[in-house]
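Student: got a predicted model here, sequence first, then my questions.
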Amino acid sequence: MFATRILRTILLALTVILSLSTLALANDLAPNGNFETPNADSSWPLGWAGVKTGGTWETEDGNRFVRLKSPQPGEMVMLYQEIKLPADVEALKLKWKQRVSDLKKGKNSWFDARIMLEFINDQHEKVTPTPSAAATGKDTDGWVDREVSFLVPEGAYWLKFMPALFQVESGTFDLDDISLQSIDPAPLREEMERKTKERLAKQQADAIKRRHKAQATLEQWGSIIPNGSFSDLTKELPTAWGKMSGDLSWQSEDDNTFLRIHSSQPGKLSMLYRTYDIPAGTSALQLTWKQRISELKTGKMPWHDARIMIEFQGIDGKKLSSKPSPAYTQKNTDGWVEKSKSFLVPEEALTVIVMPSLFEVSSGTFDLDDLQLKPTSPEPLLAAAKLRAEEAKFREVPREEPNKGNWPKMLKVVGNRVHDTDGNDVWLQGVNAGGLETLPQDKQQIKSTVVAIDDWKANCVRVPIKDDFWYGRSPYQNDGGKEYRETIDRIVNLAANRGAYVVLDLHKYRAPKQEYVDFWKDCAAVYKNHPAVLFDLMNEPHGISWDVWRNGGFVGTKNGTDESAFLDDEEKKKNQGFESVGMQALVDAVRSTGAKNIVIAGGLAWCNDLTGIADGYALDDPTGNGIMYSWHTYHWHTDWEKRVLPAAKKYPIFLGEVGADIKKMDFIPAEAQEDPYTWVPDMLGFIQKHHIHWTGWCFHPKASPIMISDWKYTPTPFWGQFAKDALNGKQFELKRTR
């Protein structure tokens, strides 16, 4: 009886042990973590993913385990396993045994034996925070037990379990008895909260000291950049700067020391990286400096130029997402020039990072001197930020379906006038909605079109466009130009719905090319016989004869005043040394599509000269609705009557660009540029007297001569207000021509 009772007790104990063991196994999220159970063909542990290279399933003294071994220096060896997580798991404990031998770390300190862990959601997107890797940088004394515990972030669906020899020189990483179980998250959260508070307190105390030190630097040097003039020397090197190497060097000219950044290799980033702590209470900073840029050739992308990038770090040393736009330069300077940039400082910023650089340019030299960074008033910057927010809100335009009942009538040239299909005389007056010739992603012209027509009472909007953007060839585009063409289409529809016209201007220079023929065949096919659309065939021909202008021929090197100084050297080079197809070929390209829309052909001298049109070089248009001839004139051009009136007697004239600015153009002698307050009224009087069609340049606050001062479309007093008054019917007296 006693023996029977003992046997029953033993059996009951075994049952409890087996039940507990089964329960533990059921709770383990890493089944077969001891690697004992084989898969169907006994080649690998059941339930575990294979290793692409360097992984084996080993046996020692009857024990099975997984081995990762580096086959060659620098190669990644990894076991990658995705473990599905229960919906209610909030914290996990990972336990395992490991044995590391013959380990030699790689080039970086983290090239070692490690278990990396990451969370992903049900869409296989990364979920943060990520647990720290369990790293081992040296051999273990045989098998050792390891464990880590960590919280599971909200949204985590899978745990990526990734033991690896991470690009080591050599080594063996053995793994066994892997267990992953759900645990109570409360202790981890309490510990994390305690450590977070301690860390924050330490960071705040350290930040106070650093801000005091920054204030002392400001008081000593007048700038938080010490010795920004590089004039104070210690051991023959600028104090607080030290020795430069590589693409950075100290240079001296006339006893002046300055910093030079030189591009030694095309496409390489050449940069100075400096961090400066910010004094307490600073909400805005102003950076001033002198720069000299020479032999600059920008890189593959538009932003590969000479620039000063600025970023911020918080008290934790992490970069903040908020940062000012860089101060960039894309062409050589005329010797030393003074520059400045003011920007707001985020409240949480402790450190500002200043990075002057030649950003992956093809070539160039960037000289810097007299760097100063000091607190400034935030008020102008806050006002500008407020204005930008208002402008952004004001920019929104609801999409409209075509309302053909409101569309204007198709236009036709009749003598030197323009009539609609009902025989009414139409006088085109409006603005240039600029920007799409510069940035393909710009959408401001959509709003500009609506404001020009609804508020300024324009009946015509000229829209400069670029064929490269039409086909999606810009680095900013990856859709073959689809979005760009949709923007143009919205503009056309918005204007047409308001009974107004759109002039599509191919904004190119010098002389017609075959590629312009190809573009117009494409564009004209899209807007063939659209009643609201006119085609301006080419922006500003120049530097060629009237015969080449009309019939084509070789275009050589241009001489004389360069009014296209805003073009880069590469664009200018493209505009010489080629066979032009001539303007007649562009007319023929449009007509080959069956499009009868009026076409506009610009004269010579950047469209300022139409004398050849009256002297036998007018274009032929036997199948279309006729040709207007485009004139461009600004407040330094003279001979108005001579250059345009003979042609105006025979043909309608479209003054596609006109305007004046108080800001002087740097490619025209200052004394040749008349005050807009005297020039503009006379020009508007000339336009009105001779019934010249016109669109003012430019309905953009940064494209001089500017008609507006901001994107709330505030008219400039020296040009925009005069133009707006003329569009609203005010008559101007022509006191004298130029």
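Tutor: Thanks, I have the structure now.
Student: please point out which parts of the longest helix along the chain sit buried.
Tutor: Taking DSSP state H as the criterion, the chain has its longest helix at helix 186-221. Residues 188, 207, 210, 211, 214, 215, 217, 218, 221 are the ones in helix 186-221 that count as buried (16 or more other CB atoms under 10 Å). C-beta: built from backbone N, CA, C; applies to glycine.
Student: pLDDT on it, on average?
Tutor: Averaging pLDDT along helix 186-221 gives 97.
Student: how far off centre is that helix?
Tutor: With CA atoms, centre = their mean, to the nearest Å as the basis, helix 186-221 stands 34 Å off its chain's centre.
Student: helices or strands next to it in the packing?
Tutor: strand 144-151, strand 274-277 (3 or more CB pairs under 8 Å, 6 or more residues apart in numbering; DSSP states H and E).
Student: show me where the stretch 251-400 of the chain has its helices.
Tutor: 379-395 (DSSP state H, counting those that start in this stretch).
Student: so where do the strands sit in it?
Tutor: Here the stretch 251-400 of the chain has its strands, by DSSP state E, counting those that start in this stretch, at 256-262, 270-271, 274-277, 284-297, 306-313, 327-329, 337-344, 351-358, 363-375.
Student: now tabulate these in CSV and tack on mean pLDDT.
Tutor: Below are the strands of the stretch 251-400 of the chain laid out as CSV (pLDDT from 0 to 100):
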stretch, mean pLDDT
strand 256-262, 97
strand 270-271, 97
strand 274-277, 98
strand 284-297, 98
strand 306-313, 98
strand 327-329, 97
strand 337-344, 98
strand 351-358, 98
strand 363-375, 98
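Student: am I right that residue 685 is in a strand?
Tutor: No - under DSSP: H, G, I helix; E, B strand; the rest coil, residue 685 falls outside any strand and is assigned helix.
Student: show the pLDDT at the closest residue in space to it that isn't next to it in sequence.
Tutor: Spatial nearest neighbour of residue 685, chain neighbours left out: residue 734 (3.2 Å); criterion: CB to CB, 6 or more residues apart in numbering. If you check residue 734, the pLDDT there is 96.
Student: count of neighbours near residue 734?
Tutor: Neighbour count for residue 734, taken as other CB atoms under 10 Å: 16.
Student: tell me which of the helices and strands packed on helix 186-221 is the most buried.
Tutor: Most buried of these, by mean neighbour count (mean count of other CB atoms under 10 Å): strand 274-277, with a mean of 16.
Student: adjacent strands (with direction) for it?
Tutor: strand 351-358 (antiparallel) (DSSP bridges).
Student: returning to what we had before: any idea which helix or strand comes after the longest helix of the chain?
Tutor: strand 233-234 (DSSP states H and E).
Student: so what are the sheet partners of that following strand and their directions?
Tutor: Take DSSP bridges as the rule and strand 233-234 pairs in its sheet with strand 237-238 (antiparallel).
Student: residue nearest the centroid of the chain?
Tutor: Centroid-nearest residue in the chain, with CA atoms, centre = their mean: residue 476, separated by 7.4 Å.
Student: helix, strand, or coil at it?
Tutor: The three-state label given to residue 476 by three-state DSSP is coil.
Student: which residues touch it?
Tutor: Contact partners of residue 476, counting by CB atoms under 8 Å, 6 or more residues apart in numbering, are 302, 439, 440, 441.
Student: residue 518 too?
Tutor: Going by CB under 8 Å, 6+ apart, residue 518 touches residue 589.
Student: so it, which state does it fall into?
Tutor: Following three-state DSSP, we place residue 518 in the helix state.
Student: how far away is it from residue 694?
Tutor: Taking CB to CB, to the nearest Å as the measure, residue 518 and residue 694 are separated by 30 Å.
Student: equivalent analysis for residue 246, please.
Tutor: Relative to residue 694, residue 246 is positioned 55 Å away (CB to CB).
Student: what about the two, which has more around it?
Tutor: residue 694 (27 against 11).
Student: using the three-state scheme, assign that one.
Tutor: Residue 694 ends up strand, using three-state DSSP.
Student: who's in contact with it?
Tutor: Contacts of residue 694 by CB under 8 Å, 6+ apart are 428, 429, 430, 654, 655, 656, 658, 687.
Student: now do 10 Å
Tutor: By CB atoms under 10 Å, 6 or more residues apart in numbering, the contact list for residue 694 reads 427-431, 460, 462, 631, 633, 653-658, 683-684, 687-688, 723, 726-727.
Student: distance of it relative to residue 644?
Tutor: Residue 694 is 12 Å from residue 644, where distance means CB to CB.
Student: try residue 603
Tutor: For residue 603 relative to residue 644 (CB to CB), the value is 8 Å.
Student: could you do residue 520 as well?
Tutor: Residue 520 is 25 Å from residue 644, where distance means CB to CB.
Student: who's more crowded, the two?
Tutor: More crowded of residue 520 and residue 644, by other CB under 10 Å: residue 520, with 28 against 24.
Student: which non-adjacent residue is nearest that one?
Tutor: In space, and not counting its chain neighbours, residue 520 is closest to residue 589: 4.3 Å by CB to CB, 6+ apart.
Student: C-terminal to the helix or strand harbouring that neighbour, what's the next element?
Tutor: Following DSSP H and E, one finds residue 589 within helix 583-591. Moving toward the C-terminus from helix 583-591, the next helix or strand (DSSP H and E) is strand 599-602.
Student: residue 535 - how many residues pack around it?
Tutor: By other CB under 10 Å, 23 other residues sit near residue 535.
Student: for residue 428, that is, sorry about that
Tutor: 24.
Student: make residue 1 into 32 and carry on from there
Tutor: All right, first residue 32 from here; so that's residue 459.
Student: so what's it up against?
Tutor: Applying CB under 10 Å, 6+ apart to residue 459 gives the contacts 442, 449, 489-493, 531-532, 534, 565, 629, 659, 683, 685-686, 723-726.
Student: which regions of this structure sit below the pLDDT cut-off?
Tutor: Low-confidence segments of the chain (pLDDT under 70): 32-58, 589-604.
Student: repeat that with 50
Tutor: Within the chain, the stretches with pLDDT under 50 are 32-57.
Student: need the residues that contact stretch 579-587.
Tutor: When contacts are defined by CB under 10 Å, 6+ apart, stretch 579-587 is touched by residues 541-545, 569, 572-576, 578, 606-616, 618, 632-635, 643-644, 647-651.
Student: let's see it at 8 Å
Tutor: Outside stretch 579-587, the residues within contact range by CB under 8 Å, 6+ apart are 541-543, 572, 574-576, 578, 606-616, 635, 643, 648, 650.
Student: quick one, which of those are buried?
Tutor: Buried among the contacts of stretch 579-587 by 16+ other CB under 10 Å: 541-543, 572, 574-575, 606, 611-616, 635, 643, 648, 650.
Student: inside strands: which ones of the residues you listed?
Tutor: Those of the buried ones among the contacts of stretch 579-587 mapping onto strands are 541, 572, 611, per DSSP state E.
Student: the second one against residue 542, yeah?
Tutor: Yes - with contact taken as CB atoms under 8 Å, residue 572 and residue 542 are classed as touching, separated by 5.8 Å.
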